[in-house]
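Colleague: Sharing a model prediction with you, sequence too.
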Amino acid sequence: MALAVLAAGSLLLAGCGAEDPETAPSPSETATGAPSASPSAAESPSASPSPSVTVSPSSDLEAITVTGEDRPEISLSTTPWAVDETRTKVLREGGDQKVAEDSTVTVHYEGVNARTGEMFDSSWERGMPTPFQLQSVVPGFQKGLAGQSVGSRVLIAMPSEDGYAQGNPNAGIEVGDTLIFVVDILSANFDEATGEAVAPAEGLPAVTMTDAGPELAAPTGEAPEELVVQPLIKGAGAEVTAESTIQVKYRSWVWEDGRLWEDAWQPQQGPLNTLIAGWKEGLVGQTTGSRVMLVVPPEQAYPDGVPSKDLDPGQTLVYVIDLLHVS
């Protein structure tokens, strides 16, 4: 039961040489599936090319000016320009949540080639933010964003080796070109549910958190006939919509005998509209950072069971889900 992989947009993945994002189990509608195709790396020349222009690299960002409250405008006091190593400057401070080296983030960004001073890539130009995993994009993005606060606007200048060491002719990027980005960090995934605890309704099985993940007390009584949606922790992040791609970790149990059925307590992601009906109905309107219990009747999960995974027809499932990110 494989989940479609969240893919980054535009140029950021091309030529970075990173490994494909990890896929993981999910409650898909058909209980089967296949990983989606991952973006391929840009073709690299067979020989090691040399920069067409040699510039003395700078150790500061004084040559770069950024204006504009919404979409930024980036200008250089001189071109061509180069930086000695990936360097950052926070242009607008964010909040308390920090971006980790392996975070999934959603950003708006503007990219300028420091050799020409020209824009070569922009999520603002495309009219929508871009979600991606930091481990799957050019190294300068990971270096520049790790440790920054969600809500920040960050200026990043990266040398060729942290951007496109072999160049990217389709974007007009030559070997040796320094790249400049202004990035608005709109959101980042949570490591676990974080927010205000919510007292569950009576009659639901108790959840106990351990270092390894949630444990569920054996359910008692008849299984509910309708979907039950019970927030356990209310997060303060973005709301899930029917069109969202979500990142979660979860476990599920069979109501009838209390046994653990799926242990997927590691981050994974995919479009909500590909998942079982109980998830599609129960998670819309929930917020990132939340922990949610779903009690899903068989007609909204697997009415015919999943023989290959020892789930009989007509069984009710209890899910405990941490909502880590939405895009």
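Modeller: Sure, I can see it. As the structure is a prediction and not an experimental result, all values here were calculated from the model.
Colleague: Let me see the confidence value for D96.
Modeller: D96 carries a pLDDT value of 86.
Colleague: From the contact counts, what lies against the lowest-mean-pLDDT helix or strand in the chain?
Modeller: The helix or strand of the chain with the lowest confidence, counting by mean pLDDT, DSSP states H and E, is strand 130-133 at a mean of 89. In terms of contacts (3 or more C-beta pairs under 8 Å, 6 or more residues apart in numbering; DSSP states H and E), strand 130-133 is packed against strand 104-113. Backbone N, C-alpha and C define where each C-beta goes, glycine included.
Colleague: Sheet partners, orientation included, of the strand it packs on?
Modeller: Partners of strand 104-113 in the sheet, by DSSP bridges, are strand 118-122 (antiparallel), strand 130-133 (antiparallel), strand 179-188 (antiparallel).
Colleague: Between these, which one is closest to S252.
Modeller: strand 130-133 (24.7 Å; C-beta to C-beta).
Colleague: packing partners for the helix or strand following the closest one?
Modeller: Downstream of strand 130-133, the next assigned helix or strand under DSSP states H and E is helix 139-145. On a contact count with 3+ C-beta pairs under 8 Å, 6+ apart, helix 139-145 meets strand 153-158, strand 179-188.
Colleague: how about these in TSV, adding mean pLDDT?
Modeller: Formatted as TSV, the helices and strands packed on helix 139-145 follow (pLDDT from 0 to 100):
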stretch	mean pLDDT
strand 153-158	98
strand 179-188	96
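Colleague: Which among those strands is found nearest to F120?
Modeller: Smallest distance to F120 across those (C-beta to C-beta): 7.9 Å, for strand 179-188.
Colleague: If I take the closest one and strand 153-158, what angle do their directions form?
Modeller: 140 degrees (axes from the mean of the first three to the mean of the last three C-alpha atoms, to 10 degrees).
Colleague: What are the buried residues along strand 179-188?
Modeller: Buried residues in strand 179-188, counted by 16 or more other C-beta atoms under 10 Å: L179, I180, F181, V182, V183, D184, I185, L186, S187, A188.
Colleague: try stretch 77-86
Modeller: Buried residues in stretch 77-86 (16+ other C-beta under 10 Å): T79, P80, W81, A82, V83, T86.
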